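A.B. asks: sequence-free structure coming up:
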Ligand SMILES: NC(=O)C1=CN([C@@H]2O[C@H](COP(=O)(O)OP(=O)(O)OC[C@H]3O[C@@H](n4cnc5c(N)ncnc54)[C@H](OP(=O)(O)O)[C@@H]3O)[C@@H](O)[C@H]2O)C=CC1
Ligand SMILES: O=C(O)[C@@H]1CCC=N1
């Protein structure tokens with residue numbers, strides 16, 4: 001199975017880095033510096049045109065920004081795709097948009113990964129269009145995608161909500177980790193030490209939820225001694241609207257996903 005990529009930016013690279021050792025890869029990238037970097041880092045071949053790319057591949061990943069997807073699809077629509085599988089990772093763009101350009105009979109998959117895919121710790125949502133009748137074919141795609149981490153099959157509305165949690169979520173977590181560390185810096189710790197404490201606390205806490213299966217509220221209560229230090233911090237966080245801040249950010253992201261869907 002040979003895999004083609006249109007776009008080898010942050011996310012294209014995440015997939016190439018996860019797959020290049022086991023699969024044959026070909027990619028098409030407009031940015032010269034980026035093309036040379038990917039070629040030399042992973043020793044994979046690049047195609048000169050989209051038409052050259054699709055000739056030799058069975059699966060085509062679309063890893064360009066939503067704003068340029070229309071132009072890529074216009075080019076693909078002119079070519080003979082036969083029964084090649086199209087996998088798009090663009091935020092917001094619905095299956096029916098791809099079907100409009102490529103035809104209703106094409107096998108199309110929407111995936112929403114996240115940047116921890118770069119270290120195979122990603123979380124991806126996956127939606128198949130109606131042309132996947134064989135369970136084994138879906139499983140093959142899910143298996144391929146799991147090279148970057150966990151996968152979950154979901155419906156299209158769910159995928160757009162997932163974008164606002166795990167797709168964009170790493171950025172929220174980086175801000176939270178950094179500000180937790182900066183709290184320590186304000187009190188006099190070095191950034192290096194404070195960042196190590198914050199990072200390990202996020203990793204350990206996330207693993208604790210995963211490994212124990214306990215509810216986050218229950219685990220929070222285990223940290224919080226009556227009249228103690230944690231309760232004082234939590235009270236302050238509540239006063240400053242931490243829960244509202246997070247939920248409102250997720251909603252703002254979801255609204256942007258819907259906006260992108262309308263403005264390709
Ligand atoms: N970054 C993230 O965390 C996530 C991104 N996504 C989705 O992944 C997609 C890609 O995002 P990301 O990797 O961050 O974007 P990048 O901008 O890093 O990568 C896209 C790459 O494609 C190149 N490019 C632009 N037009 C074309 C074209 N017509 N043919 C071939 N290559 C082209 C760009 O070059 P140039 O820079 O010169 O324009 C760039 O190098 C987006 O649709 C996004 O919604 C999904 C989940 C997470
Ligand atoms: O910010 C974005 O639009 C992309 C989609 C999900 C994560 N990054």
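C.D. replies: Here it is on my side, so go on. In this text, all values refer to a predicted model and were calculated from it rather than measured experimentally. Numbering: from 1, shown residues only. Ligands and ions are numbered 1, 2, ... in the order given.
A.B. asks: what are the phi and psi values for whichever residue of the chain sits closest to ligand 1?
C.D. replies: Taking CB to the nearest ligand atom, ligand 1 has its nearest neighbour within the chain at residue 9, 1.7 Å off. For glycine as for every other residue, the C-beta is placed from the backbone atoms N, C-alpha and C. Backbone geometry at residue 9, expressed as degrees, to the nearest 10, gives phi -90, psi -140.
A.B. asks: Verify the stated contact: it with residue 63.
C.D. replies: Yes: the criterion here is CB atoms under 8 Å, and residue 9 meets it with residue 63 at 6.7 Å.
A.B. asks: Tell me which of those two has more neighbours.
C.D. replies: residue 63 (26 against 15; other CB atoms under 10 Å).
A.B. asks: how about the helix or strand hosting residue 252: buried residues?
C.D. replies: Assessed by DSSP states H and E, residue 252 sits inside helix 242-262. Residues of helix 242-262 classed as buried: 249, 250, 253, 254, 257, 260, 261 (neighbour count, 16 or more other CB atoms under 10 Å).
A.B. asks: quick one: contacts for the residue lying closest to the fourth one once chain neighbours are set aside?
C.D. replies: Take residue 254 and drop its neighbours on the chain: the residue closest to it by CB to CB, 6 or more residues apart in numbering is residue 164, 4.3 Å away. Neighbour list for residue 164: 250, 251, 253, 254, 257 [criterion: CB atoms under 8 Å, 6 or more residues apart in numbering].
A.B. asks: In JSON lines, list those residues along with pLDDT and distance to residue 80.
C.D. replies: As requested, the contacts of residue 164 are exported to JSON lines (pLDDT from 0 to 100; distance: CB to CB, whole Å):
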{"residue": "250", "pLDDT": "98", "distance to residue 80": "41"}
{"residue": "251", "pLDDT": "98", "distance to residue 80": "43"}
{"residue": "253", "pLDDT": "97", "distance to residue 80": "38"}
{"residue": "254", "pLDDT": "96", "distance to residue 80": "37"}
{"residue": "257", "pLDDT": "93", "distance to residue 80": "32"}
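A.B. asks: and ligand 1, which of these contact it?
C.D. replies: Taking CB under 6 Å from any ligand atom as the test, ligand 1 is in contact with none of the contacts of residue 164.
A.B. asks: okay, these in TSV with distance to residue 235 next?
C.D. replies: Below are these laid out as TSV (distance: CB to CB, whole Å):
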residue	distance to residue 235
250	23
251	25
253	28
254	29
257	34
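A.B. asks: So which bits of the stretch 51-200 of the chain are right by ligand 1?
C.D. replies: Checking the stretch 51-200 of the chain against ligand 1 by CB under 6 Å from any ligand atom, the hits are 63-66, 68, 71-72, 89-91, 112-115, 167.
A.B. asks: neighbour-wise, which of those residues leads?
C.D. replies: Going by other CB under 10 Å, residue 112 tops these with 28 neighbours.
A.B. asks: How about the contacts made by that one?
C.D. replies: Residue 112 neighbours (CB under 8 Å, 6+ apart): 89, 91, 124, 125, 159, 162, 163, 166, 167.
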